[in-house]
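> my questions concern the predicted model and sequence given below.
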Amino acid sequence: MMNSEAIPPPGSGALLQLHGIETSYGDSKVLFGVNLEIQAGQCAALLGRNGMGKSTTVKTIMGLQPLKKGSITLRGADLCRMRPHQIAHAGIGLVPEGRRVFPNLSVRENLIATAKQAAHSGPTWKLDDVYAMFPRLQERERHLGCNLSGGEQQMLAIGRALMTNPELLILDEATEGLAPIVRKDIWRCIALLKSRGLALLVIDKNLGALMRVADTHYILEKGVVVWNGSSQELSANPRPVQDHIGM
Ligand SMILES: Nc1ncnc2c1ncn2[C@@H]1O[C@H](COP(=O)(O)OP(=O)(O)OP(=O)(O)O)[C@@H](O)[C@H]1O
C-alpha cells in the first residue's frame, strides 16, 4: 500500500499526476490536497461516499472548476492554465455524470461533433470503431439524442468521448441508473478499452466490477485521499473500504 504522502513529485513519469490539488466552490473548500497518479494504459478507480469530492476532482482535472493550489500534469505537461477544450485536446476524454449528450443532434451528429485527431501514437477511434463497439448506436444512427434510452445515451456519451481520441478516459458514474444488462455491457466496454491500451479513471459504486478492471484504487474522504493501493491489496484486506466507504 502507498499512502498519499508517498506520491512522487510532479514530472515523475506518470501519464496523469495530481499533486496536492485544492479546489473550492466560493468560500467552501472541497479538495484539501489530493494526490493521485495514473500510469499509461492503467485503470484507476476513485472511490468514496457521496459528497467526498470525486466529481470535483474530475471537474478540476478537466479545467471545469478552477484549481486553487497544487499541480496537474499530463505526460509532464502542465494542465493548470489550460481551458477545458485545450485539456480535451491534450488527450483527456470525459464521460460526465449524467451523460449530457446533445439532445437535438442525431447519434451520428453527436459523434462527429467531437471527432478529432489523436495527439498520441496509440490506437485511434473513428465512427466505424465506435459503431463496432456499440452496434446499437449504428442502428439508432439517425435518432436524436433526446429520443434514446438511458443505456443508449450512455453508450453515446462514451462513444463521443472516444471520438476525441483520448489517451486517458474519465468515466464519472457511467453505470448509474442503468438496467443490469446494460451495466454489464458498459463494464464489458470498459474492460475492452483497457485491453486496447487506453488509460482510465473510473468513478462507480460497483466495487466488485471495479476490482476486476482497476489496477489501483484511491479512496477519497472529505477531499483527501485517505488510502490508495492495488486491487490485490484491497481484496487481501478490505478494511479501508469498510472504514471509509462503509461497504
Ligand atoms: N456546484 C457546487 N457548488 C457548491 N458546492 C458544490 C458544488 N458541487 C459540489 N459541491 C459540494 O462539494 C462537495 C463534493 O461534491 P462532489 O460532487 O465532488 O462529491 P462526490 O464525491 O462526487 O459525490 P457524489 O457521488 O454525490 O457525486 C459536496 O459537499 C457538494 O455538496
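Cool, the structure landed. Numbering: from 1, shown residues only.

> how distant is the one helix or strand in the chain whose mean pLDDT sits lowest from the center of its chain?
Counting by mean pLDDT, DSSP states H and E, the chain has its least confident helix or strand at helix 239-244, which shows a mean of 80. Its chain's C-alpha centre and that of helix 239-244 lie 22 Å apart, by CA atoms, centre = their mean, to the nearest Å.

> biggest helix in this protein by residues?
Longest helix in the chain by number of residues, with DSSP state H as the criterion: helix 180-195.

> which residues are contacting that one?
41, 43, 133-134, 150-151, 154-155, 158, 162, 169, 171, 174-175, 178, 200, 202, 206, 209, 212-213 (CB atoms under 8 Å, 6 or more residues apart in numbering). Every residue, glycine included, has its C-beta placed from N, CA and C.

> restricted to buried residues, select those residues in ChimeraX.
Entered in ChimeraX, the line below selects the buried ones among the contacts of helix 180-195, by 16 or more other CB atoms under 10 Å:
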select :41,43,133,134,151,154,155,158,162,169,171,174,175,178,200,202,209,213
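
> mind checking which of the contacts of helix 180-195 land in helices?
Checking these against DSSP H, those in helices are 133, 150-151, 154-155, 158, 162, 209, 212-213.

> between these, which is nearest residue 55?
residue 154 (16.4 Å; CB to CB).

> ok, stretch 170-181 near the ligand or not?
No - residues of stretch 170-181 contacting the ligand under CB under 6 Å from any ligand atom: none, with a closest distance of 6.9 Å.

> can you offset everything so residue one is 12?
Noted, 12 is the first residue going forward, which turns the last one into stretch 181-192.

> find the nearest non-adjacent residue to the residue lying farthest from the centre of the chain, please.
If you look at how far each residue of the chain sits from its centre, by CA atoms, centre = their mean, the farthest one is residue 153, at 27.7 Å. Among residues not flanking residue 153 along the chain, residue 117 sits closest, at 5.3 Å (CB to CB, 6 or more residues apart in numbering).

> low pLDDT regions in this structure?
Along the chain, segments meeting pLDDT under 70 span 12-23, 129, 132, 258.

> show me the contacts for the residue minimising distance to the centre of it.
Compute the mean C-alpha point of the chain, and by CA atoms, centre = their mean the closest residue is residue 181, 1.5 Å away. Residues in contact with residue 181 (CB under 8 Å, 6+ apart) are 69, 72-73, 103-106, 211-214.

> how does it look with 7 Å?
Counting by CB atoms under 7 Å, 6 or more residues apart in numbering, residue 181 touches 69, 72, 103-106, 212.

> would you mind listing what in the chain touches the ligand?
Applying CB under 6 Å from any ligand atom, we find that the chain lies next to the ligand at 36, 39, 41, 59, 61-67.
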